[in-house]
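*Asks:* sequence? don't have it. structure:
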């Protein structure tokens, strides 16, 4: 991992102008398994970031698996300024964890949460997966109740997806695994909304639930369209107008940086692309989209062009209106991406 750390620091140097002098307020170590980096390697990356960009860090997050954590490691992270953990719990059911090929047990998850608190972490998120096929929703209800009982400030939850060319995809193709049907998954999403709301969480984004004052800042900035710089293999970036990504292949990433070439490849967005992205990301959040902003920034009258569709969705109870801002109701959030696609230019 030392070579990777050095190359990430090199990439920081080569892309020092990407954010055009904007203040960096959040850092997120995530994707892959950043907890494999030693505290010294994490410190080197953080120091390089601080030396390169104007910074006023308000949140430094790190993704970790429960079985990665120990008191000394957590204390070293805390000393580095990491103040938020995202824990990949996935489930509190032993059978489901084995199916997901997770190394940790449900007991280790609870111990990890307690250990993190003892090390001084008071901001953390629990990641859960719903949609595991079952005869009823009792297993998912137990998972949610257990997660809420741990009293995290934040819960992220995603539907189990079957991707081609993965182990799960191969099992489904061979008939060894039968995914849950759409209605079952939708009911689990509604149960997620119901139990988290009852416990005082706000669904500030389709998959993210936070207690007041404990929304993930990095997540919030992403969904609000704030520019961000992604570093390392597979990392994506957004400069406010265009997106792009680094190669997923580690060897290619290292080779390019070793030759002094930034590995980043830009994906130029048209004005309509940017508007559609604004609609897609905005509708997933509690803040919604602003039609007045769309008119001023893009010269598009969405209210006029999509009036009939919006009236129909409103009658169906899918929308929430406030002035000229539009967000989605609880039932609308279930269809967030398809509603956004219907409003695309």
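*Replies:* Yep, that arrived. Computed from a predicted model, the values in this text were never measured in an experiment.
*Asks:* when you work out contacts or count neighbours from here on, use the C-alpha atoms and nothing else.
*Replies:* OK.
*Asks:* how is residue 155 assigned, secondary-structure-wise?
*Replies:* Under DSSP: H, G, I helix; E, B strand; the rest coil, residue 155 falls in the strand class.
*Asks:* so what's the residue count around it?
*Replies:* Each residue near residue 155 was counted by other C-alpha atoms under 10 Å, and the total is 27.
*Asks:* ok, residue 303 touching residue 289?
*Replies:* No - under the criterion of C-alpha atoms under 8 Å, residue 303 lies out of contact with residue 289, with a separation of 11.5 Å.
*Asks:* check the offset of stretch 330-342 from the chain's centre.
*Replies:* Average the C-alpha atoms of stretch 330-342, do the same for its chain, and the two points are 18 Å apart (C-alpha atoms, centre = their mean, to the nearest Å).
*Asks:* quick one on the thing from earlier: higher neighbour count, residue 303 and residue 289?
*Replies:* When neighbours are counted by other C-alpha under 10 Å, residue 303 and residue 289 differ, and residue 289 comes out ahead with 22 against 16.
*Asks:* what's near enough to touch the more buried one?
*Replies:* Residue 289 makes contact with 278-279, 282-283, 325-327 under the criterion C-alpha atoms under 8 Å, 6 or more residues apart in numbering.
*Asks:* mind listing the strands for the stretch 151-300 of the chain?
*Replies:* Listed in chain order, the strands found in the stretch 151-300 of the chain under DSSP state E, counting those that start in this stretch are 154-159, 202-205, 208-210, 236-238, 243-245, 265-267, 289-290.
*Asks:* buried stuff in stretch 262-270?
*Replies:* For stretch 262-270, the neighbour count (16 or more other C-alpha atoms under 10 Å) marks 262-264 as buried.
*Asks:* ends of it, how far apart?
*Replies:* Its start and end residues considered, stretch 262-270 measures 23 Å (C-alpha to C-alpha, to the nearest Å).
*Asks:* so among the contacts of residue 289, where is pLDDT lowest?
*Replies:* Checked by pLDDT, those have residue 325 as the lowest-scoring entry (92).
*Asks:* and it, how many neighbours does it have?
*Replies:* Taking other C-alpha under 10 Å as the definition, residue 325 ends up with a neighbour count of 14.
*Asks:* residues in contact with it?
*Replies:* Listed by C-alpha under 8 Å, 6+ apart, the contact set of residue 325 reads 288-292.
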